[in-house]
Each structure stands twice: as C-alpha cells, then as structure tokens.
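Engineer: how does the following fold in three dimensions:
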Amino acid sequence: MSGLFGDDEQTAQSAQPYRVLARKYRPATLAELIGQDALVRTLTNAFQSGRLPQAWILTGVRGIGKTTTARIIAKALNCTGRDPAGGNIEPCGTCESCRAIAEDRHVDVQEMDAASRTGVDDIREIIEGVRYGPVSAKYKIYILDEVHMLSKNAFNALLKTLEEPPPHTKFIFATTEIRKVPVTVLSRCQRFDLRRIESATLAAHYARIAGLEGARAEDEAIKLIAHAADGSVRDGLSLLDQAIARAEGTITEADVKDMLGLADRGASLALCRTLLRGEMPDALAGFDSMVEVGADPLQILQDLADLIHRLTRAQIITDRAALADWPEGERKLAADLSDVKIPALARAWQILLKGISEVLTAPHPSAAAEMVLIRLAYAADLPTPGDLIKQLRDQETKAAASAAPAPPPGSGAMAQRGGLRTVAIAQPAVQRAPAPVLLQETALATAPSTFRELVALFATHREGGLYAELMGYVHPVRLAPGRLEIRLAKGASVGLVSRVGQCLNEWTAQRWMVTVVDEPGSSTLKEEDQAIEATRHERAAAHPLMQAVKKAFPTSTLISLKKKEIPVLAPQAEAAEDLSEAEEPSED
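Structural biologist: Now for the predicted structure:
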C-alpha cells in the first residue's frame with residue numbers, strides 16, 4: 001500500500017494548503033485598501049504627525065475590511081522594519097512584528113471576538129493586562145471584533161480604562177452595528193465609517209485577481225459578480241472563487257447567472273418594457289418563460305425594481321454622458337420608455353417594493369409574483385394623481401361655465417348682485433345646444449333660497465336618512481348660491497358633508513361647496529320645530545276657552561292633531577289654528 005499511495009502522499013505533503021481568495025488577497029498595507037480614500041488619508045496624516053488616539057472604532061457592512069484595517073493599524077504601530085524618518089508609515093510586512101501580527105501570533109497584539117466573550121470577566125482580563133507594558137513591541141494593542149455584542153456591564157467596566165489607558169496601550173474596535181455601541185464608548189474613540197465599494201471599483205479589483213489566478217473571465221461576468229457583492233469585497237471574492245471552480249476554462253456570463261440564479265438580462269428588459277406599457281398577456285408569457293429556465297421569482301422582481309430605479313435616474317439626469325457606462329440594453333430601454341414619467345415610475349417602484357415583501361411570505365412565490373406583475377401592468381394604464389387632479393379641475397371649470405347665467409348682450413355690462421360686483425365681458429356669439437340651456441334654467445328654478453327649502457329637497461327625493469340628519473344634527477351658518485356652511489352636532493355621520501354635496505350637485509345641476517365651520521350658527525330645524533310647537537301649545541293653553549274647559553274638566557289634556565303640514569302663520573292665526581286643533585270636550 002505504501003508503494004501504491006506513496007507518491008500521492010508526498011505530493012499532498014509538498015503542496016501548500018489552499019487558501020480562499022478572500023484570505024489570499026487580503027490587503028497588507030493602507031495603500032492596498034480600495035474605496036476607502038478618506039480613511040487612508042486620515043490615518044496617514046495621523047501617523048506622520050504623531051496624533052494617534054488611544055482608541056479607534058471601525059464600522060461598516062460585512063466584508064468591507066474592518067478587521068483587515070485593524071491589523072494594518074496594529075502593524076503600522078509596531079513595525080520595526082520601516083524608516084519613520086523618511087515619512088513612510090506603511091508597515092514593511094517582512095519584520096518579525098509584521099509577520100507575527102499577520103499570522104495572529106504576536107504576544108502584544110491580542111484579537112478578541114466580542115461575540116463569544118461578552119461578559120465583565122473577559123473585560124477584567126483586559127483591564128488587568130493593560131497595567132503591564134508590551135513584551136517585544138512598542139504598543140500593546142487590543143482588537144475587539146463585533147464590539148457591539150458586549151454586555152452593558154462589560155461596556156461600563158471598560159469605560160475608565162478606555163478613557164485613560166497607559167501610553168503603551170491602544171484599542172481598535174470593529175462592529176457592523178454601530179448604533180448598538182453606547183455613546184459613552186463612541187465619545188472615547190476616533191470613529192471611521194468604511195464605505196461600500198462601488199461596483200466599478202469592485203469589478204476592476206476582481207478582474208485583476210482573476211488574472212493573478214490565471215483565470216479568464218468575461219467582462220459581463222465580472223460585472224455581475226461585482227453587482228451581487230453589494231459593496232462587500234469579501235462577498236464578491238467568495239463568488240469569484242466559486243465561479244473559477246465552476247467554470248471550464250473561461251468564466252462566462254451564463255455561468256455566473258446560472259450560479260447566482262439570475263434571469264437573463266434581456267428577458268428582464270423585455271418584461272419591464274411590456275409591464276410599463278400595460279401589455280399583460282405578453283408580460284405573463286415572458287415571466288413564465290423566465291421561471292421555466294430556472295429564474296427565481298423573487299430575483300425577477302428585484303431585477304425589475306433595479307430597472308425602475310435606473311429608469312427614474314435616467315429621467316432626472318440631463319447629462320447623457322453620465323449614462324455612457326450603462327449597458328446598451330438599458331440605454332435603449334430608457335430611450336423607449338422616455339414617455340413614462342416619474343410619477344408612474346414611482347408608483348411602479350412602490351408596487352414592486354410591496355410585492356417583494358409579499359413574495360417573501362407567500363406559500364407560492366411564483367403565484368404571488370404573478371399577481372404583483374398583473375397589478376403593475378394594470379396600474380400602467382391608470383392616470384397619476386396629478387392627472388386626476390387636473391381632470392377634476394377641468395370638469396369643475398366646465399360645470400361652472402355651463403351653470404353660469406348667459407351675459408347680457410352688448411360690449412360689456414356691470415351688475416350689482418348680492419353685494420358682489422359681477423362684470424360681464426362681451427363674448428363672441430356661440431351656438432349653444434338646447435339641452436344645457438334647459439338644464440341651466442331648471443337649476444336656477446329649483447335652487448333653494450333657505451336652509452329649510454334645501455332640506456326639503458332631500459324629502460322630495462326620498463333621502464330619508466340624510467333628511468333626518470339634516471333636521472337633527474346640522475346647524476346652518478351661511479347659505480348662498482352654490483355654497484353652504486354648517487356646524488355639525490354630536491352624532492352626525494362621518495360622510496354627511498360629502499353625501500349632501502353630491503346630492504345637491506345632482507339635483508340642482510349646480511356646483512355646491514358644503515363646508516364645516518367652527519361657528520355657532522342657528523338652531524337645527526328639529527329644535528326650531530320643537531320651539532314652535534311649544535309656543536303654540538302655550539298660546540292655546542292660555543286661551544280663555546281652554547282655561548274654561550280645563551276648569552270644567554281638570555283631568556283633560558291638550559293634544560295637537562296635525563293632519564297635514566301647516567306653514568307658520570301670524571300669532572293671531574296660530575292661536576286660532578291651535579284652538580281649532582284642540583280636543584273639544586263632549587257634551588257628556
């Protein structure tokens with residue numbers, strides 16, 4: 001067996017263990033950090049001027065280089081192979097301190113995972129160790145990764161040491177959740193926010209690494225990996241590592257799409273075009289074909305949201321040169337859909353955002369995605385809120401013009417009406433249709449002049465519910481042609497005002513504005529009727545004939561017998577009417 005496997009064992013022992021790209025190409029100097037120019041400039045100036053704080057805190061998304069930057073700072077502080085007199089602050093990477101820090105074995109540089117060591121006892125070890133100077137380096141450095149995971153008591157225990165550490169001690173914190181770090185800790189640290197890396201910068205970085213690995217890759221494939229990395233260098237390197245292992249020779253765009261579960265970009269562009277044009281059958285057919293070839297419904301909606309965002313930017317950006325780096329298909333889509341304005345695109349964006357959350361929770365993601373696409377295509381033909389407002393205003397203008405009285409003949413005339421000065425300007429003769437004229441005459445003839453007449457319209461048109469509410473819950477304040485101001489009593493329904501306005505517009509062929517004001521107004525019609533009834537009852541009871549009847553029949557009661565509605569009369573007539581309606585005693 002030794003002769004059979006001996007060569008393989010020797011080959012395995014001589015071969016170096018494989019290291020993933022994220023570790024193999026980890027930056028070793030500040031100059032190798034990509035996309036963090038502000039951080040590099042600040043640290044360079046601080047090292048050159050000697051203005052070094054006692055603590056740094058690095059924050060950013062995962063895979064952005066927080067721990068790597070902390071190790072670079074530690075190497076720059078303890079490097080013994082560079083010449084600081086020459087202004088060079090980059091660690092040499094070859095001295096014993098640099099190599100020990102890179103291999104995580106330096107005795108004076110302790111890296112602690114705060115996610116697994118969260119208690120006060122772990123911080124107490126740091127506090128005890130701070131009192132002793134470094135063994136072989138210039139500074140004793142503590143790197144705490146995911147520092148936001150420390151407990152509240154652990155943070156409090158560290159505060160005093162963090163504020164006034166010995167001169168030979170430095171702290172470097174790293175976290176992805178900066179908001180969970182207490183303000184008392186943040187105020188004692190120099191904070192650096194590591195930015196997300198732009199897709200173009202990531203694509204150039206990945207292309208260079210692929211070349212160093214001897215792998216050929218298409219530009220579009222590298223761009224897809226950079227876009228999927230979402231600003232994280234480590235995520236993109238992991239995808240690139242997977243793509244190199246997957247590809248047979250050259251990394252193609254199709255390989256990356258298949259690996260990431262992405263839909264074909266051309267199909268996504270066509271789907272977006274048909275949806276925004278409201279072509280539902282074509283959109284559903286395109287979606288079905290994309291799902292059949294293995295595209296994820298959720299990813300399809302996310303691609304559509306990305307395209308809607310790009311189309312919106314294209315509507316705003318006036319400099320066409322800024323769109324030069326866009327793919328040809330997206331530039332053509334933006335040109336084809338230039339007539340789709342920003343309000344419609346914003347509505348599509350909101351539909352997609354809500355739809356993505358629905359797909360995430362739906363039992364059948366494909367069916368949920370189809371419903372989102374149907375909703376999006378249906379909304380493409382709907383007017384925007386701005387167009388609806390414009391249409392309503394145009395209708396109001398036309399209705400007001402058709403309801404307005406015809407101007408008197410002549411070059412011009414001025415009339416005084418209701419305290420308002422109305423100017424009639426001569427207009428050219430226009431042939432009017434007979435129907436609008438009859439409608440105008442009918443409207444002017446039936447327009448109510450008092451609030452009681454207005455309420456009577458609701459009884460005439462058999463609107464019993466509105467009639468009862470107008471009688472008992474409405475205090476009239478002002479009434480003018482086409483305008484009613486009221487105060488509502490407690491108990492009135494919510495939609496009373498709008499329903500009253502709609503009915504008046506329909507019955508009088510005139511535009512009515514019914515508003516609620518904060519003024520006392522008059523009594524309700526029900527209260528007025530009750531007051532009138534009480535007055536009539538008192539007058540009838542005070543009549544000498546009724547007093548004589550009451551004296552002859554002490555237990556008798558005065559009852560009003562209303563067989564029909566009688567208009568309000570003069571006091572004398574009312575008294576006579578009351579007497580005629582009073583119950584007369586019988587001769588018995």
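Engineer: quick one: the helices in the stretch 401-550 of the chain?
Structural biologist: Using DSSP state H, counting those that start in this stretch, the helices found in the stretch 401-550 of the chain span residues 434-446, 451-460, 464-473, 496-508, 525-542, 544-552.
Engineer: nearest to Ala210, out of the ones you listed?
Structural biologist: Checking the helices of the stretch 401-550 of the chain against Ala210 by Cβ to Cβ gives helix 496-508 as the closest, at 65.9 Å. Any C-beta I mention is one placed from the backbone N, CA and C, and that applies to glycine too.
Engineer: quick check: mean pLDDT across that closest one?
Structural biologist: Taken as a whole, helix 496-508 has a mean pLDDT of 86.
Engineer: now do the buried residues in it.
Structural biologist: Buried residues in helix 496-508, counting neighbours by 16 or more other Cβ atoms under 10 Å, are found at 496-497, 499-501, 503-505, 507-508.
Engineer: just put those in a markdown table and tack on distance to Leu488.
Structural biologist: Rendered in a markdown table, the data for the buried residues of helix 496-508 read as follows (distance: Cβ to Cβ, whole Å):
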| residue | distance to Leu488 |
| --- | --- |
| Leu496 | 7 |
| Val497 | 8 |
| Arg499 | 13 |
| Val500 | 11 |
| Gly501 | 14 |
| Cys503 | 17 |
| Leu504 | 16 |
| Asn505 | 20 |
| Trp507 | 21 |
| Thr508 | 22 |
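Engineer: what kind of secondary structure is Met112 in?
Structural biologist: strand (DSSP: H, G, I helix; E, B strand; the rest coil).
Engineer: distance of the nearest residue to it once chain neighbours are set aside from Leu58?
Structural biologist: Closest residue to Met112 apart from its sequence neighbours, by Cβ to Cβ, 6 or more residues apart in numbering: Leu144 at 5.3 Å. To Leu58, Leu144 is 11 Å away according to Cβ to Cβ, to the nearest Å.
Engineer: need the overlap of contacts for those two.
Structural biologist: Common neighbours of Leu144 and Leu58 (criterion: Cβ atoms under 8 Å, 6 or more residues apart in numbering): 172-174.
Engineer: could you dump these into CSV and include secondary structure and neighbour count?
Structural biologist: Shown next, in CSV, are the shared contacts of Leu144 and Leu58 (DSSP: H, G, I helix; E, B strand; the rest coil; neighbours: other Cβ atoms under 10 Å):
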residue, secondary structure, neighbour count
Ile172, strand, 25
Phe173, strand, 27
Ala174, strand, 25
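Engineer: same list (the residues you listed) but as TSV, adding distance to Ala456.
Structural biologist: As requested, these are exported to TSV (distance: Cβ to Cβ, whole Å):
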residue	distance to Ala456
Ile172	84
Phe173	79
Ala174	79
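Engineer: list the beta-bridge partners for the residue nearest to Met112.
Structural biologist: Beta-bridge pairing for Leu144 (DSSP bridges): Met112, Phe173.
Engineer: return the distance of it relative to Ala46.
Structural biologist: Distance, Leu144 to Ala46, by Cβ to Cβ: 20 Å.
Engineer: among these two, which residue is more densely surrounded?
Structural biologist: The neighbour count for Leu144 versus Ala46, taken as other Cβ atoms under 10 Å, is higher for Leu144 (27 against 17).
Engineer: which other helices and strands does the host helix or strand of Ala379 contact?
Structural biologist: Taking DSSP states H and E as the definition, Ala379 sits inside helix 365-380. If you count contacts as 3 or more Cβ pairs under 8 Å, 6 or more residues apart in numbering; DSSP states H and E, helix 365-380 packs onto helix 265-276, helix 280-292, helix 297-316, helix 342-361.
Engineer: show residues contacting the second one.
Structural biologist: Spelled out, that is helix 280-292. The contact list for helix 280-292 (Cβ under 8 Å, 6+ apart) reads 263-264, 267-268, 270-271, 274-275, 297, 300, 366, 369-370, 373-374, 377-378.
Engineer: which of the residues you listed count as buried?
Structural biologist: Of the contacts of helix 280-292, these count as buried by 16+ other Cβ under 10 Å: 263-264, 267-268, 270-271, 274-275, 297, 300, 369-370, 373, 377.
Engineer: ok, which pair from those is furthest apart?
Structural biologist: Asp264 and Ala377 (20.0 Å).
Engineer: average pLDDT across stretch 232-241?
Structural biologist: Mean per-residue pLDDT for stretch 232-241: 90.
Engineer: kindly export that stretch (C-alpha atoms) in PDB.
Structural biologist: Taking Å, rounded to 0.1, in the frame of the first residue of the first chain, the C-alpha atoms of stretch 232-241 are listed here in PDB:
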ATOM      1  CA  SER A 232     -18.700  43.900   0.100                       C
ATOM      2  CA  VAL A 233     -15.200  42.900  -1.100                       C
ATOM      3  CA  ARG A 234     -15.300  39.500   0.700                       C
ATOM      4  CA  ASP A 235     -18.700  38.500  -0.600                       C
ATOM      5  CA  GLY A 236     -17.500  39.200  -4.200                       C
ATOM      6  CA  LEU A 237     -14.300  37.300  -3.700                       C
ATOM      7  CA  SER A 238     -16.200  34.300  -2.400                       C
ATOM      8  CA  LEU A 239     -18.400  34.400  -5.500                       C
ATOM      9  CA  LEU A 240     -15.400  34.800  -7.800                       C
ATOM     10  CA  ASP A 241     -13.800  31.800  -6.000                       C
END
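Engineer: where does Arg331 sit, in terms of helix or strand?
Structural biologist: helix 328-336.
Engineer: return the set of buried residues in that helix.
Structural biologist: Across helix 328-336, burial judged by 16+ other Cβ under 10 Å covers 330-331, 333-334.
Engineer: mind giving me CSV with those and columns for distance to Asp37?
Structural biologist: Below are the buried residues of helix 328-336 laid out as CSV (distance: Cβ to Cβ, whole Å):
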residue, distance to Asp37
Glu330, 28
Arg331, 30
Leu333, 33
Ala334, 31
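Engineer: I'd like those residues laid out as CSV, including pLDDT and distance to Glu453.
Structural biologist: Shown next, in CSV, are the buried residues of helix 328-336 (pLDDT from 0 to 100; distance: Cβ to Cβ, whole Å):
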residue, pLDDT, distance to Glu453
Glu330, 77, 65
Arg331, 75, 66
Leu333, 83, 62
Ala334, 82, 61
